[in-house]
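Visitor: okay, sequence plus prediction incoming.
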Amino acid sequence: MATKAAPPELTGGKGFEYEDHVGAWFLLQMLAGRQPLGPEYGTITGVHFQTKESGWLLDDLLVVLSERGQEHFFAISIKRHRQVTRNGFPENFVRAIWEQWLRVPSECFERGRDLLGLVTGQMADSVEGAWHALLQEAIPTAPERLVERLHTPGQTSAKSV
């Protein structure tokens, strides 16, 4: 179950060092007044670490953003080692993200307002090329059109789906 807290021996050490680097990147974006997630989410107004007690299941980092008075939250799981492989995303990440998404009412997360994500330091070599190709196709494409392509045989490589 994703709501279980991880024991301290699993949440310290080198993993925290990588979390600090990711958090520092978001703090630099905040200080520079940038909009790292795009203008629809605005600028960063806060960065919080280890937020499970607040109800966030992806609890390594919570980035708070504001756009025209509307507050948005970006809950992030941060892992320094390979997470995405040819078998997909880690089971515990998938479980946590679905549990957060399906929890209604939620004490914190609101669909349509907030984001859930994974930051990873490495990707399996077998996945990296396909991932970048998919990103290059996805970025300029409307979401509905991309979904159609992914469900149409021959439109994407087998690794992309």
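Guide: Ah, there it is. Numbers count the residues shown, from 1 in each chain.
Visitor: name the residues of stretch 112-130 that are buried.
Guide: Neighbour-count burial for stretch 112-130, counted by 16 or more other CB atoms under 10 Å, picks out 114, 116, 118-120, 123, 127, 130. Any C-beta I mention is one placed from the backbone N, CA and C, and that applies to glycine too.
Visitor: what sits against Arg103?
Guide: When contacts are counted by CB atoms under 8 Å, 6 or more residues apart in numbering, Arg103 touches Phe109.
Visitor: do you know how far it is from Arg111?
Guide: Taking CB to CB, to the nearest Å as the measure, Arg103 and Arg111 are separated by 10 Å.
Visitor: which of the buried residues of stretch 112-130 lies closest to Phe49?
Guide: In terms of CB to CB, no member of these lies closer to Phe49 than Val119, at 12.9 Å.
Visitor: confirm that closest one sits in a strand?
Guide: Yes - with DSSP: H, G, I helix; E, B strand; the rest coil as the criterion, Val119 is part of a strand.
Visitor: show me what it bridges to in the sheet.
Guide: Beta-bridge pairing for Val119 (DSSP bridges): Ile78.
Visitor: residues touching the residue nearest the centre of the chain, list them.
Guide: Nearest to the mean C-alpha position of the chain, counting by CA atoms, centre = their mean, stands Gly117 at 1.0 Å. Gly117 makes contact with 58, 74-77, according to CB under 8 Å, 6+ apart.
Visitor: let's see it at 6 Å
Guide: For Gly117, the contact set (CB atoms under 6 Å, 6 or more residues apart in numbering) comprises Ile76.
Visitor: okay, it and Arg68: tell me how far apart.
Guide: Noted for Gly117: a distance of 22 Å to Arg68, by CB to CB.
Visitor: for His48, same thing?
Guide: For His48 relative to Arg68 (CB to CB), the value is 22 Å.
Visitor: and for Arg80, the neighbour number?
Guide: Residues near Arg80, counting by other CB atoms under 10 Å, number 17.
Visitor: what does Glu107 give?
Guide: Using other CB under 10 Å, Glu107 has 8 neighbouring residues.
Visitor: phi first, then psi, for the closest residue to it other than its chain neighbours.
Guide: Leaving aside its sequence neighbours, Glu107 sits nearest to Gly55 (CB to CB, 6 or more residues apart in numbering; 3.9 Å). The phi/psi pair for Gly55 (degrees, to the nearest 10) reads phi 100, psi 0.
Visitor: since that was my last question, I'll sign off now.
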